[in-house]
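In: Coordinates for the following, if possible.
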Amino acid sequence: MWMEAREAAALMRESLEELGYVFERDATMKSFTKIMLIVPLPQFSYVFQFLVKEPSRFLVNIYDTQPKHGATLHHIEIKGIERKNLREVKKLLQTFAKRMERKPYKFPLYQRIQGGILSSEFLTAKRLWSIWGV
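Out: Take a look at the predicted model:
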């Protein structure tokens with residue numbers, strides 16, 4: 001049937017009463033099996049790597065992942081951040097963000113829907129970019 005159980009139960013009670021049937025109402029539990037299949041599939045992404053040597057040394061990785069069918073998430077990862085290169089990393093990220101058409105945390109609606117509106121990538125992106133002044 002297409003109707004939710006709560007609504008269907010109300011209609012059943014009304015039908016039984018209309019027909020004059022004698023009945024008792026009760027509530028109980030019904031067990032059932034829910035099938036979930038979780039199969040981790042190893043995937044690989046092409047990574048664009050930038051090893052910055054001057055004015056400080058750090059590594060920038062830019063890559064895409066497909067955590068779900070039809071959903072592509074884009075990542076920037078910086079390795080080797082230390083107190084001595086914070087200024088250079090911040091300057092790089094601010095310059096990088098200015099070259100984008102919109103703020104790096106302004107995801108289009110279709111991307112949020114495909115990736116899952118409540119995905120942590122979307123919920124934390126603005127805060128994480130704001131750390132770097134973007």
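In: for the strand or helix carrying Leu59, the distance to its chain's centre please.
Out: Assigned by DSSP states H and E, Leu59 belongs to strand 58-68. Here the centre of strand 58-68 is set off from its chain's centre by 15 Å, with Cα atoms, centre = their mean, to the nearest Å.
In: same deal with stretch 119-134?
Out: On Cα atoms, centre = their mean, the centre of stretch 119-134 falls 13 Å from the chain's centre.
In: all strands of the protein, in order?
Out: For the chain, applying DSSP state E gives strands covering 48-52, 58-68, 71-79.
In: Show me the contact partners of stretch 113-120.
Out: Pro67, Lys68, Gly70, Ala71, Thr72, Leu73, Phe107, Arg112, Glu121, Phe122 (Cβ atoms under 8 Å, 6 or more residues apart in numbering). In this view, the C-beta of every residue, glycine as well, is placed from N, C-alpha and C.
In: can you pull the alpha-carbon coordinates of it into CSV?
Out: In CSV, the C-alpha atoms belonging to stretch 113-120 read as follows (Å, rounded to 0.1, in the frame of the first residue of the first chain):
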residue,chain,number,x,y,z
ILE,A,113,22.8,17.8,-3.5
GLN,A,114,25.1,15.3,-5.2
GLY,A,115,27.6,15.2,-2.4
GLY,A,116,25.0,15.2,0.4
ILE,A,117,23.8,18.5,1.8
LEU,A,118,24.9,17.6,5.3
SER,A,119,28.4,16.4,4.3
SER,A,120,31.2,17.7,6.5
